[in-house]
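Okay, here's the prediction I keep looking at, along with the sequence it came from:
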Amino acid sequence: MSQATILTVQNLRKYFPIGNGHLFRPSDKQVHAVDDVSFYLEKGEVLAVVGESGCGKSTLALTLLGLEKPTAGQIFFDGKEVTNLNRADLKIMRRHIQMIFQDPYESLNPLMTVGEIVAEPLVVHGLATRKNERTARVQKALEEAGLNPVDSYINRRPHELSGGQRQRVVIASALVLEPSLLLADEPVSMLDVSIRAEILNLLIDLRAKRGISILFITHDLSTVASFADRVAVMYLGRIVEIGAVADVLQDPQHPYTKALLSVVPVANPRLRHERIILQGETPNPIDVPTGCRFHPRCPIAIEACQRIDPPFVEIRNGQRAACIRIGEPTT
Amino acid sequence: MLSGLINYPTVLTTLGGDKMNENADDDALILDVRNLSVDYIAHGRPPAHALEKVSFQLRKGEMLGIVGESGCGKTTLMLSLMRLLPAAGRIVNGEINFLGADLLNLNEKAMADVRWKNIAMIFQGAMNALNPVRTVGSQIAEPIARHTMNTLNDLHPIHNANRNGKATQSPNGNGHYAGKNLNPLRTVGSQIAETIKHHEAISDKGILDRRVAELLDLVGISPNRRDQYPHQYSGGMRQRAMIAMALACFPDVIIADEPTTALDVMVQAQILELLATLRQQLGLSVLFVTHDLGVVAEVCDSVMVMYGGVVAEYSDVDTIYNSPQHPYTQELLKAFPDVAHPHSKLTSIPGYPPRLDALPAGCRFAPRCPCAFARCHQAPPPLYHLGKFHEASCYLVEKTKVGIQE
């Protein structure tokens, strides 16, 4: 673990028991939401976690925040282990890790003004108790989130704001604690394309100005292309491929990454290409397929894939993919 | 069943007999909207011009993408086509010629028969559009029961050669449920629940069951899942069920309102593939409404870009993406992330679409336009014809125009 690493996750697992068993003989079945996930995030880096609904990417974020207790594995934040903190320590840690949620229409309290919403984290954490100090921090956060001039926004309520402005308020209330890590769970998927660009650009600027690290969770590879440094592709609770964005997008190795990439809509009819459309949806994570968990939907699966749980294969400078068919001559 | 053939009330032919001949040279023309303008009226305020002089054509088997940001009039346009505008909405001008007859001249009873039988809609948010307390199969059966089929031929579109003729496309006059609108402000589910009592009106349950099974099969859902409830379906399957409902009466036109917006990319790809297949199999014409330019580029033949209630640019898909003339089209394309070029900076369009009750005096896009000059702020530009099938409303194209829409 180098000095420059802000977050390290080792063999993280999060299983949820399912309650269909008898009251005194609980079911031993479990949902394998996150299943042996390891990665690191450097200071000032943007790592995108990509996958379909149900691949465990949101559970991963909740576990990192300590909102879910991990079943196994370790999480290191800023050099310290934070896997199983008590409530008081968790609260301190959460000053430094903030989350941006998906839906700016539902994550703001409609009865509070923008100023009150952004000040609330300070109140919760008992920071900046003097009034003028608190106002100054709120103003700075709103400015950083691009809500200028601040005075025209601070007394408004969420219903007076557009979707893009609301998402900026959500970002401002995350920034007010001056966190070093942002967990952004699909922060633009509810927004129009033109506003999407605005919010993504804001996150890019924040990283450039404040050196903030961002874990960006999304199902859309096209938003990843514009600003992440590295990307991790998740399938059924596992990372199947990870590497620098340029490497993964231009030369994907895992058949799942290839399929995901092929279905990203390209805004040019001349570039219509064959799409690898996987049938069905992510299988349920209760009965995880044997061997490679992608084999039932994989277009290139062979018999061995049902038996062998593929290890990671190193491709190039940090790009790794878990598929036993990598390196075979392509037909 | 066959007696229905004789009873065909010829609503379309009686109302639009002359108009039909006008379009005789273009048999494939299904929907011809001309100069459609819609106002929203509020007490004590000037009317909001939600749509102004919108014209477009939809041909048999064509998929037309209607693109724009939220608040640019896409939804108003769709609701106008179905004549389902909220009470404050008024169609103040224009024609909606559907197979030769102006839908705006139909009485409410005739219009109710056009809806779903001839023009059906796939709603946004498949999660909320189905009734949670009824099985999917029974919800698909509902529109079939409502618009009782007249002939056995109607039971299968592919084997039904008659559907190409205009006569059989007339809405039938079965008046049992006439006058009953689909309310755009409520979920389809709740409205469907209301009409459940009419199910008994179907004389032959066997035929109904077979149709539902066929429809489910058509959209790739195993027919033995018909008796399940929506919560037992995944998001993609619910969207498939919505498509099955829209297809229930084998309509000529399907209006798809952001049908894939809430879905994962892989499921989105599955749904787009399904729509493309159905279009080919059934010769459906589709109005595809979305803000996602990528999806439009993948599936549509032609594109109409809307801004602030007017047509900004309208052309075939290749022209829109490869030689867009309106600055709004150009800016929208720049805001779209491109997987082929990682780390290219996205440009956003500063500002917001105009409020419809306080429209700028000139071009509606002028306040946000990077190319705007003095004239743009004074008077709105007309829609210039730039070629056989290319229109743009921008003064910048004035020199290259070949004509102006009257």
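Yes, it's here.

OK, contacts around whichever residue of chain A sits closest to chain B?
Closest residue of chain A to chain B, C-beta to the nearest C-beta: A:Pro265 (2.8 Å). Where C-beta positions appear, they are placed from N, C-alpha and C, glycine not excepted. Applying C-beta atoms under 8 Å, 6 or more residues apart in numbering or on different chains, we find A:Pro265 in contact with A:222, B:268, B:292-295, B:297-298.

Tell me which of the residues you listed fall in helices.
The members of the contacts of A:Pro265 that map onto helices under DSSP state H are A:222, B:268, B:293-295, B:297-298.

A:Leu127: which element?
Here A:Leu127 sits in a region with no helix or strand, counting by DSSP states H and E.

Could you do B:Lys53 as well?
Going by DSSP H and E, B:Lys53 is in strand B:48-59.

So which elements touch that strand?
Applying 3 or more C-beta pairs under 8 Å, 6 or more residues apart in numbering or on different chains; DSSP states H and E, one finds that strand B:48-59 contacts strand B:29-40, helix B:74-81, strand B:89-98, strand B:285-290, strand B:310-316.

let's see 7 Å
Identification of packing neighbours for strand B:48-59 by 3 or more C-beta pairs under 7 Å, 6 or more residues apart in numbering or on different chains; DSSP states H and E yields strand B:29-40, helix B:74-81, strand B:285-290, strand B:310-316.

buried set for the following helix or strand past the last one?
Using DSSP H and E, the helix or strand that follows strand B:310-316 in sequence is helix B:317-322. When burial is assessed from 16 or more other C-beta atoms under 10 Å in any protein chain shown, helix B:317-322 yields the following buried residues: B:317, B:319-321.

do stretch A:74-92 as well
Applying 16+ other C-beta under 10 Å to stretch A:74-92 flags A:75-77, A:82-83, A:85 as buried.

which one is the closest residue to chain A within the stretch 101-250 of chain B nearest to, not counting chain neighbours?
Among the residues of the stretch 101-250 of chain B, B:Ser234 lies closest to chain A, at 5.4 Å counting by C-beta to the nearest C-beta. Of all residues not flanking B:Ser234 in the chain, A:Glu281 sits nearest, at 5.4 Å (C-beta to C-beta, 6 or more residues apart in numbering or on different chains).

In contact with A:Leu181, which residues are there?
For A:Leu181, the contact set (C-beta atoms under 7 Å, 6 or more residues apart in numbering or on different chains) comprises A:6-7, A:96-97, A:213, A:215.

Could you list which of those belong to strands?
Among the contacts of A:Leu181, DSSP state E puts A:6-7, A:97, A:213, A:215 in strands.

Which PyMOL command selects the buried ones in those residues?
The buried residues among those can be selected in PyMOL (16+ other C-beta under 10 Å) with this line:
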select buried, chain A and resi 6+7+97+213+215
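
sorry, back to before: surely the residue of chain A closest to chain B is in a strand?
No: A:Pro265 is assigned coil when assessed by DSSP: H, G, I helix; E, B strand; the rest coil, not a strand.

how close does the nearest residue to it once chain neighbours are set aside sit to B:Gly61?
Take A:Pro265 and drop its neighbours on the chain: the residue closest to it by C-beta to C-beta, 6+ apart is B:Gly294, 2.8 Å away. B:Gly294 is 22 Å from B:Gly61, where distance means C-beta to C-beta, to the nearest Å.

ditto for A:Leu161
Taken as C-beta to C-beta, the span from A:Leu161 to B:Gly61 is 43 Å.

between those two, who's got more neighbours?
A:Leu161 (18 against 15; other C-beta atoms under 10 Å in any protein chain shown).

Name the nearest of the contacts of A:Pro265 relative to B:Val67.
B:Leu293 (6.3 Å; C-beta to C-beta).

ok so, going back, could you tell me the angle between the following helix or strand past the strand holding B:Lys53 and strand B:285-290?
Toward the C-terminal end, the helix or strand that comes next after strand B:48-59 (DSSP H and E) is strand B:63-67. Put simply, strand B:63-67 runs at 20 degrees to strand B:285-290, going by axes from the mean of the first three to the mean of the last three C-alpha atoms, to 10 degrees.

counting contacts, what elements does strand B:63-67 pack onto?
Strand B:63-67 packs on strand B:285-290, helix B:293-299, strand B:302-307, going by 3+ C-beta pairs under 7 Å, 6+ apart.

re earlier: out of the helices and strands packed on strand B:48-59, which is closest to chain A?
Nearest of the helices and strands packed on strand B:48-59 to chain A, taken as C-beta to the nearest C-beta: strand B:310-316 at 8.8 Å.

Identify the residues contacting the closest one?
Residues from elsewhere that reach strand B:310-316, judged by C-beta under 7 Å, 6+ apart: B:52-54, B:56, B:301-306, B:320, B:324-326, B:328-329, B:364-365, B:383, B:389-393.

about what we covered before: which ones among the buried residues of helix B:317-322 come in contact with chain A?
Restricting the buried residues of helix B:317-322 to those near chain A by C-beta under 7 Å from any C-beta of the partner chain leaves B:317, B:321.

ok, for B:Gly283, nearest residue in space, not its chain neighbours?
B:Gly61 (5.0 Å).

same check, this time on A:Leu161
Nearest to A:Leu161 is A:Val169, by C-beta to C-beta, 6+ apart, at 6.8 Å.

And the next helix or strand past whichever strand or helix holds the one you found?
Taking DSSP H and E as the definition, one finds A:Val169 inside helix A:163-175. Next helix or strand after helix A:163-175 toward the C-terminus (DSSP H and E): strand A:181-185.
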